[in-house]
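K.L.:
okay, predicted coordinates and the sequence, questions at the end:
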Amino acid sequence: PQFLQCGRYGFDLDTGTLVMGILNVTPDSFSDGGRFQSLEFALSHAEEMIANGADMIDIGGESTRPGSPAVSLDEELRRVIPAVYALRGLGKPLSVDTYKAEVMREAVLAGADMINDINGFRAPGALEAVSDSDCGLCVMHMQRDPGTMQQNPGYGDVVAEVTDFLRQRVDEMVAAGIDRKRICIDPGFGFGKTVEHNYALLRNIGTMQQELGLPVLAGLSRKSMIGAVTGKPVEQRLAGSLAGALAAVAHGARIVRVHDVAETVDALKVWQAASTN
Ligand SMILES: Nc1nc2[nH]c(SCCc3ccc(S(N)(=O)=O)cc3)nc2c(=O)[nH]1
């Protein structure tokens, strides 16, 4: 059975796929309003995603798309921590997407139920920041860093290498005393991969899940792997993203990280109705 512990929430993932709604609390994702307006927008966006069926909200204070500028610790804290406090009352698990140990620590103290680390908890202090809590932990693979990852990414065998990386990270986390039932794994679509690498990983989600015995989270929504095969710009990738989410679930993913919650929830309902259980 696939189970994931996220703080006070426990998910039996055999009963259905979790939909994680993306909430960017980066100023460029709002109109040019100030900090308070951003928080207002964040709250209404989160409420809308939850009303549309999101099972959890992933709060991110730093854009990690290729080539994006780094955000200082203080700035990321100023963006993310107030959002965790503001969203706590919504009654759904909150995930925080960060690779900074200090943000993890503050997020957990502020009530975050999951830490989603694109860097696989490799930063100094990251494991310590989450070890004495029961928050969920998403361990993602990334080759190099957001600034360099898309400059000619290369692998011998991308599936084997990504799986080995995730295995090493999980082993280190378990050795640090972290309970495996808190952990989910993620191949990191678009984080140091060509389009071909991304689709090889998508086709082999089942392999990763089998090898590590952990739930897989998949984040394909609106990414270049969708654009590459549809020829569509980012604002026209809904259909491709829905197909990507269904493909990920068909290959064994248990959590999908998406922008378009209402549409994904509907697509998953039809998919689940049509799939033999
Ligand atoms: N666990 C988890 N967390 C995530 N956080 C993000 S932020 C997306 C950054 C980005 C945007 C666009 C491209 S691209 N060039 O492929 O279109 C790459 C990375 N993503 C993920 C993901 O997947 N899993």
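P.N.:
Sure thing, it's come through. Given the structure is predicted, the values throughout are model-derived calculations rather than measurements. Residues are numbered from 1 along each chain as shown.

K.L.:
what residues does the stretch 1-150 of the chain put near the ligand?
P.N.:
64-66, 97, 116, 118, 138, 140 (C-beta under 6 Å from any ligand atom). Every C-beta, even on glycine, is put in place using the N, C-alpha and C of the backbone.

K.L.:
now distance to L166 too, for those, in CSV please.
P.N.:
Output for those, formatted as CSV (distance: C-beta to C-beta, whole Å):
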residue, distance to L166
T64, 18
R65, 22
P66, 21
D97, 17
N116, 14
I118, 13
C138, 11
M140, 8
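
K.L.:
nearest to the ligand, of these?
P.N.:
Closest approach to the ligand among these (C-beta to the nearest ligand atom): R65, at 3.6 Å.

K.L.:
wait, a strand at that closest one?
P.N.:
No - assigned with DSSP: H, G, I helix; E, B strand; the rest coil, R65 falls outside any strand and is coil.

K.L.:
surely it meets M149?
P.N.:
No - applying C-beta atoms under 8 Å, one finds R65 not in contact with M149, separated by 10.1 Å.

K.L.:
more neighbours, those two?
P.N.:
M149 (20 against 12; other C-beta atoms under 10 Å).

K.L.:
wait, what's in contact with the more buried one?
P.N.:
By C-beta atoms under 8 Å, 6 or more residues apart in numbering, M149 lies in contact with 66, 142-143, 191-192.

K.L.:
likewise for V159?
P.N.:
Neighbouring residues of V159 by C-beta under 8 Å, 6+ apart: 200-201, 204, 207-208.

K.L.:
please apply the same query to Y85.
P.N.:
Neighbour list for Y85: 110-111 [criterion: C-beta under 8 Å, 6+ apart].

K.L.:
what helix or strand does it sit in?
P.N.:
In the assignment (DSSP states H and E), Y85 maps to helix 73-87.
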